[in-house]
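**Q** Take this sequence and fold it.
(one chain, ligands or ions: 1)
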Amino acid sequence: MFRAGLLYLSEQRQVFRFVRSNGLAKRFASRFVAGETLDTAVVAVRDLNARGISASLDLLGESVNNKGEAQAAADTAVAMLDRIAAEKLNSNISVKLTQLGLDLDHDLCVANARRVLDKARSLDTFVRIDMEGSAYTQRTLDLVEHSLFADYPKSVGVVIQSYLYRSTADIDRLIGLGMRVRLCKGAYKEPSAVAYPAKADVDRAYVALMEAMLSKASYPAIATHDEAMIARAKAYVKSQGIGAERFEFQMLYGVRRDLQDQLVAAGYRMRVYVPFGTQWYPYLMRRLAERPANIAFILGNVVKEGLK
Ligand code: FDA
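**A** Down below sits the predicted model:
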């Protein structure tokens, strides 16, 4: 119930307008968001790199309202790639297709994505296409598989969510294509017609998809903070003789920093997703829905800092 309420609030734009102007809420958000500008995000990436962790920079923002905003999001993505190269940061980027105009005009979205990927290919780096709610799954996969992958096979990859029933078939096909995939559990509010309602089923599906990817996929990304999943991955690669250089773990900025450092110390590759920008409200609400205890945790930190 509480999770559903937070996910509902994540979609309310009026609430965001109110929250964004609130200083306390901004400090609250800074636990999970690396500031509102590229400069603040670059500082966060440098700190991660110093801890032996690579990054994926993400300009926060979902559906845009007009073509100008979609083009501006693509311009920012290109600027992020240039900045990463100029500062020699160990980071790629993540983008959402709705940000590049998927809801407005398919051709515009493809053109924007190609502009970003041209830059990524020229710099020999990588762009992850995030996965959004299930209304976008088919369109996202179609667009990447049919309009991008042939020209940018090393520069583009997608995300698969284990809570969707369809994901086993999607993973099989993507493994066949040799496309890079990030596996996560899925963060959106989904009906039982398309997604497992029970967490135990989502976790079971995660393990099955993860093992298939570790065995057969091209450089899979295991994106989770769940220690049980991570322990299964470690045991599986050990039993199959899969080297630590053949995959990476991924986590979100500000979540389980202890576990991030432990995995690096144990010789695993670790990448952290670093979101930044003014549109942090829906992202923050999804993180709180995943773990309502974060509300108390962050409030406690804000109060502690306020008392200092
Ligand atoms: P799960 O939710 O089962 O929690 C297991 C444990 O992990 C918890 O008990 C807690 O200890 C810890 N934990 C989990 N979330 C936490 C949080 N917010 N704060 C503190 N502790 C937490 N989703 C999506 O739909 N599309 C996408 O493109 C992406 N991309 C993405 C990239 C990366 C790098 C990551 C790590 C995740 C995503 N996600 C995503 C989000 C993902 O789908 C999922 O919602 C979250 O990762 C939470 O699921 P977990 O597997 O971490 O564990």
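**Q** switch to C-alpha atoms for all contacts and neighbour counts from now on
**A** OK.
**Q** P153 should be in a helix, yeah?
**A** No - going by DSSP: H, G, I helix; E, B strand; the rest coil, the assignment for P153 is coil, not a helix.
**Q** Where does pLDDT dip in the stretch 201-308 of the chain?
**A** 297-308 (pLDDT under 70).
**Q** Quick one: name the residues of it near the ligand.
**A** Selection of the stretch 201-308 of the chain residues close to the ligand by CA under 6 Å from any ligand atom yields 223-226, 250-252, 255, 272-273, 287-288, 290-291.
**Q** out of those residues, which one sits closest to P197?
**A** Comparing those against P197 with CA to CA picks out E290 as the nearest, at 14.2 Å.
**Q** any idea how far the closest one is from G61?
**A** In this view, E290 and G61 are 19 Å apart by CA to CA, to the nearest Å.
**Q** For the two, indicate the residue with more neighbours.
**A** The neighbour count for E290 versus G61, taken as other CA atoms under 10 Å, is higher for G61 (21 against 14).
**Q** Show the average pLDDT along stretch 175-187.
**A** For stretch 175-187, the mean per-residue pLDDT is 97.
**Q** Near the ligand, which residues of the stretch 51-200 of the chain? Just list them.
**A** Within reach of the ligand by CA under 6 Å from any ligand atom, the stretch 51-200 of the chain has these residues: D130, M131, E132, V159, C184, K185, G186, A187, Y188.
**Q** Low-confidence bits of the stretch 1-150 of the chain, can you list those?
**A** Along the stretch 1-150 of the chain, the parts satisfying pLDDT under 70 run over 1-3, 5-7, 9-24.
**Q** Where do the strands of it begin and end?
**A** For the stretch 1-150 of the chain, the strands defined by DSSP state E, counting those that start in this stretch cover 54-59, 91-95, 127-129.
**Q** Need the CA coordinates for the longest helix along the chain. CSV is fine.
**A** For the chain, the longest helix by residue count, based on DSSP state H, is helix 67-86. These are the backbone C-alpha positions of helix 67-86, laid out as CSV (Å, rounded to 0.1, in the frame of the first residue of the first chain):
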residue,chain,number,x,y,z
LYS,A,67,10.6,18.7,-29.6
GLY,A,68,12.8,21.5,-28.3
GLU,A,69,13.1,19.8,-24.9
ALA,A,70,13.9,16.4,-26.5
GLN,A,71,16.7,18.1,-28.6
ALA,A,72,18.0,19.8,-25.5
ALA,A,73,18.2,16.5,-23.7
ALA,A,74,20.2,15.0,-26.6
ASP,A,75,22.5,18.1,-26.6
THR,A,76,23.1,17.6,-22.8
ALA,A,77,23.9,13.9,-23.4
VAL,A,78,26.4,14.8,-26.0
ALA,A,79,27.9,17.5,-23.7
MET,A,80,28.1,14.8,-20.9
LEU,A,81,30.1,12.5,-23.2
ASP,A,82,32.5,15.3,-24.2
ARG,A,83,32.9,16.3,-20.5
ILE,A,84,33.6,12.7,-19.5
ALA,A,85,36.3,12.4,-22.2
ALA,A,86,37.8,15.9,-21.4
